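Visitor: Got a sequence here, can you model it:
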Amino acid sequence: MGNGFAVKYNASNPDEFGNMELRRTFVDDSKSKKSSSRTPKVLIAQYDFGNFNNSYAEIISITSKVNKAYAHKYEHDYLLARGVFIEVGNHPEFAKGKVAAGSTSNKVGILEYAMQHPDKDWDYVLIMDSDAMMYDFERDIALIYNMTHESLIAHRVLKATGIKSFNINAGVILWNIKHQQTQQIVNLWDDEIHKVFRKKVGEDQEALHKVLHRIPAKFRPVRAIRGDFEYSEGTVVKHFIRPGGKQLRKKWDDSKLSTSSRVMHIRNTAEEICKKYEKDCNGVTAE
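Guide: Residues are numbered from 1 along each chain as shown. Got it, this is the predicted structure:
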């Protein structure tokens, strides 16, 4: 299965990612009934490099608390994957020690981990960048979408490209790991990341686009939606994208912010959520 879990750590900062420690958000798992009528079970997962001296360390400390609170409310699981799942050869960015962007490959690692553990009985895996968090605490993510015919649901970047578009934002994706095509897509994504990362570390989205584009649109098991995961305007999940010149588009408000302003925006939104859902947030600690 692709690269498996032969993790190559940044030698200066080894961490726990190789063990993929499951951070459970509830104590007793034995009561869940394995029947066709049960509520689907979700693994809510994020990732980061594990370098605690950058803005993303502060961001994950904010968003992880909110996401764990949400997971706890609906008796789902939360996992934080730290480190770098894939390192590619002697890429100059890795050689310079600039491997933080490589942690985007952890998305593949999380999916492989989930599919290698059928004993956990997960149906869906919601993978979010470190700068994304649940916003709608009124609904269970496991019940919002019927994914019988889809491997994944994600935000459609361009409205005109249609619901089967390969042009999706990979920063927030809900995966149906029970779908018959998911395993193949993940394997191909793993392989494509190895190719893409030789030139552009951190371009996991480009690699996924390449895989999905090869599938004829008629048969592409994708639901590319609008609104629900639409960056900081998202109604189900908010994703506060990083600053960037080409991303200055309508509703991509956070791409116009400085790093400090962006972190403040994320913090203010998290405080807004936890004020509204104080009972759910109380007692939950950040990663």
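
Visitor: Going by C-alpha atoms from here, please, whenever you check contacts or count neighbours.
Guide: OK.

Visitor: show me where pLDDT drops low in this structure?
Guide: Along the chain, the parts satisfying pLDDT under 70 run over 1-37, 51-53, 87-99, 243-257.

Visitor: Where is the longest strand in it?
Guide: What stands out as the longest strand in the chain, according to DSSP state E, is strand 168-176.

Visitor: all helices of the stretch 151-287 of the chain, in order?
Guide: Here the stretch 151-287 of the chain has its helices, by DSSP state H, counting those that start in this stretch, at 182-196, 204-213, 259-276, 278-281.

Visitor: Can you say which of the ones you listed is nearest to H72?
Guide: Taking Cα to Cα, helix 278-281 is the member of those nearest to H72, at 7.7 Å.

Visitor: Extract the CA atoms of the closest one and return them as CSV.
Guide: Extracted as CSV, the C-alpha positions of helix 278-281 are listed here (Å, rounded to 0.1, in the frame of the first residue of the first chain):
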residue,chain,number,x,y,z
GLU,A,278,-19.5,26.5,26.0
LYS,A,279,-20.6,23.1,27.3
ASP,A,280,-19.0,21.3,24.4
CYS,A,281,-15.7,23.2,24.7
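
Visitor: Show me what that helix is packed against.
Guide: Contact partners of helix 278-281 among helices and strands, from 3 or more Cα pairs under 8 Å, 6 or more residues apart in numbering; DSSP states H and E: helix 55-73.

Visitor: what is the orientation angle of the helix it packs on with helix 259-276?
Guide: Computed by axes from the mean of the first three to the mean of the last three Cα atoms, to 10 degrees, the angle separating helix 55-73 from helix 259-276 equals 20 degrees.

Visitor: Name the residues that touch helix 55-73?
Guide: Applying Cα atoms under 8 Å, 6 or more residues apart in numbering, the contact partners of helix 55-73 are 25-26, 44, 46, 48, 50-52, 77-78, 130-134, 137, 259, 263, 266-267, 270, 273-274, 280-281, 284-287.

Visitor: From these, list the buried ones, please.
Guide: 25, 44, 46, 48, 50, 77-78, 130-134, 137, 263, 266-267, 270, 273-274, 280-281, 284 (16 or more other Cα atoms under 10 Å).

Visitor: Look at V211 and say how many residues are nearby.
Guide: The tally of other residues near V211 (other Cα atoms under 10 Å) stands at 21.

Visitor: Identify the residues contacting H155.
Guide: Counting by Cα under 8 Å, 6+ apart, H155 makes contact with 168-169, 172-173, 224-230.

Visitor: 7 Å instead?
Guide: By Cα atoms under 7 Å, 6 or more residues apart in numbering, the contact set of H155 is 168-169, 224-226, 229-230.
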